[in-house]
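Asker: I need the structure of the sequence given here:
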Amino acid sequence: MTDPDPVQQATPPKARRGRTRGRRRGKRWHTARVVAYLLTLPVVFVLMAVVMMFDRDITAPRWVTDQVAARAGGVLGGGTVGFGDIAVRLGPDLHPRIRLIDTVLADAAGRPLARIAEIDATISPRGLLFDRTALVQRVALRGTAVALTRDAQGRLQLAFNLPDGDRGALLADGLPGLVRQLDTLRDRPALAALESLTLAGLDMTYTDARADRTWTVTDGALRFAIDAARTSAVADLAVEGAAGQTRLSLALDSPRDSLAARLSVRVDEAQARDLASQSAALRFLGAIDAPLSATLDTALDPQGMLGPLDVTLKIGAGALQPAPGTVPLRFEGVTAALSYDPAGQELTFDDVAVVSDWG
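Answerer: From the prediction side, this is the model:
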């Protein structure tokens, strides 16, 4: 028989119960700390992931790749997107960014639509947080080749220019078609949050069946901006021609849900005869052999009908020769302001100034 513990006998029962409760509280507190630590691990991992992604590229996880493919398929109407590499980063503005390298876009039948060296897409944080989907806000394309053609009837067609000779899908047919395409970009769910689309390093070939001429553009830049009220586009192009390089700047502005638009074009260091081949209003320039700069302003009405064209010309030293057998009439410079009414096919000169040996 074991003798009773003298210390336990000396300790009052109330004190012994207090020590037992204290040990139990200590165990519960230790357990709570372990649980709290385990619960914070996901937060720590998320914070570590954010720090790792901040302003640096990391290889995209599979779910991001699947989201990009699904979004692209929605934009392409059931088509597919393939890419050589894909990376994600968290920019300084806390907007997630996805970068695709060597991208090939294909339609639903598998036919290639475009080959793009690099696509940089900025994703809406609100879309990820509240809609749980990747909504593109800004897209930048680099290294894109397009083909612009004008047929014998004067219709413009714009398509991606593919290396294998296929021109890909038709993007626009004439100026009204281009306005319509830009206006409906955000109608597709995948582009509902789109704010801007930029193209850098653009290579373009322009083939004009009317003039039987082809021009090339290298390292051009285009930018489309879209908001709830308006769609706008600006372009800066360097056109290579037989007589040298021509600078071409374009600006288009259109209210949403309308074919109405204003178009402004500035041309610098062009040849008068090149410009004459592009518009009935400027056909008279075909008799002039001289460099020139010009501004052209026109508009589309809400039905997409082309309005009057206003033109200002600054022509450098050259000659007027209406026919090959006539004597050239030389001049030092010409400035002119004119307007052309396409409905009545009427050309009106508002102002003409000529500097020559005549006076």
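
Asker: can you pull out the low-pLDDT segments for the protein?
Answerer: 1-61, 64, 71-78, 91, 93-94, 126-134, 161-173, 242, 359 (pLDDT under 70).

Asker: can you tell me which residue is spatially central in it?
Answerer: Residue closest to the average C-alpha location in the chain (Cα atoms, centre = their mean): L197, at 2.0 Å.

Asker: name the element that one belongs to?
Answerer: Here L197, judged by DSSP states H and E, is contained in strand 196-208.

Asker: elements contacting that strand?
Answerer: Applying 3 or more Cβ pairs under 8 Å, 6 or more residues apart in numbering; DSSP states H and E, one finds that strand 196-208 contacts strand 136-150, strand 213-226, strand 230-241. Every C-beta, even on glycine, is put in place using the N, C-alpha and C of the backbone.

Asker: for the stretch 201-350 of the chain, just list every one of the helices.
Answerer: Assignment of helices within the stretch 201-350 of the chain using DSSP state H, counting those that start in this stretch yields the ranges 272-276.

Asker: which residue, other than its chain neighbours, is closest to F349?
Answerer: L338 (4.7 Å; Cβ to Cβ, 6 or more residues apart in numbering).

Asker: check L250 too.
Answerer: L250's closest residue in space is A235 (Cβ to Cβ, 6+ apart), at 4.4 Å.

Asker: ok, that neighbour to P322 distance?
Answerer: 34 Å (Cβ to Cβ, to the nearest Å).

Asker: of these two, who's got more company?
Answerer: A235 (19 against 12; other Cβ atoms under 10 Å).

Asker: what sits against the more buried one?
Answerer: 220-223, 248-251 (Cβ atoms under 8 Å, 6 or more residues apart in numbering).

Asker: burial of P176, as a residue count?
Answerer: P176 has 16 neighbours, counted by other Cβ under 10 Å.

Asker: contacts for the helix or strand hosting it next, please.
Answerer: P176 belongs to helix 174-183 when assigned by DSSP H and E. Outside helix 174-183, the residues within contact range by Cβ under 8 Å, 6+ apart are 155-156, 158, 171-172, 224, 226, 231, 233, 252, 254, 256-259, 261, 263, 300, 304, 306.

Asker: 6 Å - rerun?
Answerer: Residues outside helix 174-183 that contact it (Cβ atoms under 6 Å, 6 or more residues apart in numbering) are 155-156, 172, 231, 254, 259, 261, 304.

Asker: and it with strand 230-241, angle?
Answerer: 130 degrees (axes from the mean of the first three to the mean of the last three Cα atoms, to 10 degrees).

Asker: alpha carbons only: can I get helix 174-183 in PDB?
Answerer: The C-alpha coordinates for helix 174-183 follow below in PDB (Å, rounded to 0.1, in the frame of the first residue of the first chain):
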ATOM      1  CA  GLY A 174     -13.300  50.800 -96.000                       C
ATOM      2  CA  LEU A 175     -13.300  53.600 -93.500                       C
ATOM      3  CA  PRO A 176     -16.900  52.900 -92.200                       C
ATOM      4  CA  GLY A 177     -15.900  49.300 -91.700                       C
ATOM      5  CA  LEU A 178     -12.900  50.300 -89.700                       C
ATOM      6  CA  VAL A 179     -15.000  52.600 -87.500                       C
ATOM      7  CA  ARG A 180     -17.600  49.800 -87.000                       C
ATOM      8  CA  GLN A 181     -14.800  47.300 -86.000                       C
ATOM      9  CA  LEU A 182     -13.300  49.800 -83.400                       C
ATOM     10  CA  ASP A 183     -16.700  50.700 -82.000                       C
END
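
Asker: stretch 341-348: end-to-end distance?
Answerer: With Cα to Cα, to the nearest Å as the measure, the first residue of stretch 341-348 is 8 Å from its last.

Asker: show the contacting residues for G316.
Answerer: Listed by Cβ under 6 Å, 6+ apart, the contact set of G316 reads 290-291.

Asker: how much space separates it from R266?
Answerer: For G316, the distance to R266 - Cβ to Cβ - is 16 Å.

Asker: repeat for A294
Answerer: Using Cβ to Cβ, one obtains 7 Å as the distance from A294 to R266.

Asker: what about these two, which has more around it?
Answerer: A294 (19 against 16).

Asker: what is the burial count for the closest residue to that one other than its chain neighbours?
Answerer: Excluding the flanking residues, the one nearest A294 by Cβ to Cβ, 6+ apart is V267, at 4.8 Å. Look at V267: counted by other Cβ under 10 Å, it has 20 neighbours.

Asker: looking at it, V267 is touching L292, isn't it?
Answerer: No - look at V267 against L292 with Cβ atoms under 6 Å: they stay out of range, at 7.7 Å.

Asker: need the contact list for W358.
Answerer: Contacts of W358 (Cβ under 6 Å, 6+ apart): none.

Asker: repeat that with 10 Å
Answerer: Listed by Cβ atoms under 10 Å, 6 or more residues apart in numbering, the contact partners of W358 are 329-331.

Asker: and for D208?
Answerer: Counted by Cβ under 10 Å, 6+ apart, D208 has contacts 148-152, 154, 156, 214-215, 274, 277-278.
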